[in-house]
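Novice: Fold the stuff below for me.
(one chain, ligands or ions: 1)
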Amino acid sequence: MLDVYAFATPNSVKVPIALEELELPYALHGVNVRKGEQKTPEFLRLNPNGKVPVLVDTDESGDPFVLTESAAILVYLAEKTGRLLPTSGEGRARVFEQLFFHASGLGPAFGQSGFFQRFAAEPQPLAIERFSAEANRTLRLLDGTLAKNDYVAGEAFTIADIAHFGWLWRRGFPNVTFDDTPNVARWYEAVESRPAVQRGIARVEALVPQD
Ligand SMILES: N[C@@H](CCC(=O)N[C@@H](CS)C(=O)NCC(=O)O)C(=O)O
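Specialist: Predicted structure coming up:
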């Protein structure tokens, strides 16, 4: 039994997309980060880091395995099914290269850029300039990779594509566009049109209260 704790956010959406691609049934539980639900004592018992997504995999004996960090969850699900991640060699190393680049480079740059543009109590020009430049620089790097390959880690769709897709789906938050990155634009359209990707997005969007 797989339980996912998530919201309509860039890191959350990766998990339902992977589960839909891998055809694994799951229950989705909304954690409204706009209302601070990720900081309640109950949620902090699940993830002391106070962030979504969280995956709970409960085996037949009822033992729950709780996993945080979207990239780690993607690897766990790929290994559980033997899909979307080569089992060894250079192909596997390329997927990890992109996952780490996403988790330490592109993702934080997009997140911090959006934060300082939207939420800083006072304008912070240096932070905005620094993180906006880094968001666009990492996007151009990805564009260079996609000039050579159909997908971010080679010629096959993998969990590394799902990882990058999450933040590029929410590129409006840091005001990033694909105007200067045609290869990213081509790749994004191909990934977004996958039926499983559409289903994953619809599942997290349904978590947002309509008011
Ligand atoms: N490195 C983590 C980042 C998780 C993260 O930042 N989640 C955001 C939503 S995309 C969140 O929960 N933000 C609320 C907060 O930080 O309080 C991952 O990839 O899972």
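Novice: Tell me which residues are up against stretch 175-189.
Specialist: The set of residues external to stretch 175-189 that reach it, using C-beta atoms under 8 Å, 6 or more residues apart in numbering, is 110, 113-114, 117, 132, 135-136, 139-140, 142-144, 146-147, 150-152, 161, 165, 168, 171. To be clear about C-beta, it is placed using only N, CA and C from the backbone, and glycine gets the same treatment.
Novice: so is the residue in the chain sticking out farthest from the centre in a helix, a strand, or just coil?
Specialist: Largest separation from the mean C-alpha position in the chain: residue 61, at 30.4 Å (C-alpha atoms, centre = their mean). For residue 61, the assignment made with DSSP: H, G, I helix; E, B strand; the rest coil gives coil.
Novice: So that it lines up with my notes, have the first residue be 4 from now on.
Specialist: In the new numbering, first residue 4, that becomes residue 64.
Novice: Quick check: it vs the ligand, distance?
Specialist: Plainly put, residue 64 is 27 Å away from the ligand if you go by C-beta to the nearest ligand atom, to the nearest Å.
Novice: Also residue 99?
Specialist: Between residue 99 and the ligand the distance, using C-beta to the nearest ligand atom, works out to 15 Å.
Novice: give me every residue that touches residue 171.
Specialist: The contact partners of residue 171, by C-beta under 8 Å, 6+ apart, come to 179, 187, 191.
Novice: follow-up on the earlier one: quick one, what contacts the residue farthest from the centre of the chain?
Specialist: Contacts of residue 64 (C-beta under 8 Å, 6+ apart): none.
Novice: Check the gap between it and residue 27 for me.
Specialist: 19 Å (C-beta to C-beta, to the nearest Å).
Novice: show me where pLDDT drops low in the protein?
Specialist: Residues of the chain meeting the criterion pLDDT under 70: none.
Novice: let's see 90
Specialist: For the chain, the stretches with pLDDT under 90 are 214.
Novice: Okay, domains of the protein per the record?
Specialist: Domains of the chain are assigned by automatic domain parsing as 5-86+200-208, 92-197.
Novice: returning to what we had before: list buried residues within the contacts of residue 171.
Specialist: With burial judged by 16 or more other C-beta atoms under 10 Å, the buried subset of the contacts of residue 171 is 179, 187, 191.
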